[in-house]
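J.: below are the sequence and a predicted model for it; my questions follow.
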Amino acid sequence: YVDLYDWSPAGHLTLDPQGKIVEANLRAGSLLGMHRNKLIGRPLASFLEATEQDPFHRHCREVTKTGLRQTCELLLRQHKGAFTCVNLESLAVRDEQGGVRQWRTALLDISAHKRVERELETQRAQREAIIDSAMDAIITVDEEQRVVLFNRAAEAMFLCGAGEAIGRPLEQFIPERFRRAHHDHLQ
């Protein structure tokens, strides 16, 4: 069990009720940028970006108040202005009287995941800008031939807003005399 704890790919911390580190595994030390022995007695909050203090304190209150597993995403301060985005998953450990004796927290590095999310959002925004600026009507449908994208040129052509068009069957935008040929073409 010691090996599993020490060599886990997730950082593991045990904190006292005030949020000071009591125990740390090797990964927690690398995520926090300090040898795990030097972490003991330090408040976890001191490793967070300034903007993360309030969310972290809310997380702490929820952990100790509810006794249920709580999660949140926070930014850890790193050297030279860099940061690591982590998912904290915490659970209170209670004594015999029901008071919080300590709590355990797992730190999962989700920086790569967040980087991919930002890249996908940038690509989505670029794609939407291109589609919206197109002079031709562009309509995208799902497998059931329901509208999922309706650009500005389509709004002008069909005199229908995107909010009204999305979710409707495509055939409602095709003149009756062409619907059969369109259906055959799709098949």
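T.: Perfect, thanks for sending it. Residues are numbered from 1 along each chain as shown.

J.: where exactly do the helices run in this structure?
T.: 2-6, 26-32, 36-39, 53-66, 111-133, 152-158, 162-165, 176-186 (DSSP state H).

J.: looking at these, which is closest to residue 97?
T.: Closest to residue 97 of the helices of the chain, according to Cβ to Cβ: helix 53-66, at 14.1 Å. Glycine gets a C-beta too; all of them are placed from N, C-alpha and C.

J.: show me what the closest one is packed against.
T.: strand 70-77, strand 83-94, strand 100-109 (3 or more Cβ pairs under 8 Å, 6 or more residues apart in numbering; DSSP states H and E).

J.: make a markdown table from the helices of the chain and add distance to residue 102 to it.
T.: Shown next, in a markdown table, are those (distance: least, Cβ to Cβ, whole Å):
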| stretch | distance to residue 102 |
| --- | --- |
| helix 2-6 | 15 |
| helix 26-32 | 15 |
| helix 36-39 | 15 |
| helix 53-66 | 10 |
| helix 111-133 | 27 |
| helix 152-158 | 57 |
| helix 162-165 | 51 |
| helix 176-186 | 62 |
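
J.: nearest to residue 145, out of those?
T.: Here helix 176-186 is closest among those (Cβ to Cβ), at 7.3 Å.

J.: buried ones in stretch 55-71?
T.: If you call a residue buried by 16 or more other Cβ atoms under 10 Å, then stretch 55-71 has these buried ones: 56, 59, 60, 62, 63, 64, 70.

J.: correct me if wrong: the third one contacts residue 43.
T.: No - with contact defined as Cβ atoms under 8 Å, residue 60 does not reach residue 43; the gap is 10.2 Å.

J.: mutual contacts of those two, please.
T.: Shared contacts of residue 60 and residue 43 (Cβ atoms under 8 Å, 6 or more residues apart in numbering): residue 19.

J.: which residue, other than its chain neighbours, is closest to the spatially most central residue of the chain?
T.: The chain has residue 114 as the residue nearest its centroid, 6.8 Å off, counting by Cα atoms, centre = their mean. Nearest non-adjacent residue to residue 114, counting by Cβ to Cβ, 6 or more residues apart in numbering: residue 85, 4.7 Å away.

J.: and the one you found, bridged to which residues?
T.: residue 75 (DSSP bridges).

J.: just checking, it touches residue 109?
T.: Yes - Residue 85 lies in contact with residue 109 (Cβ under 8 Å); the separation is 7.4 Å.
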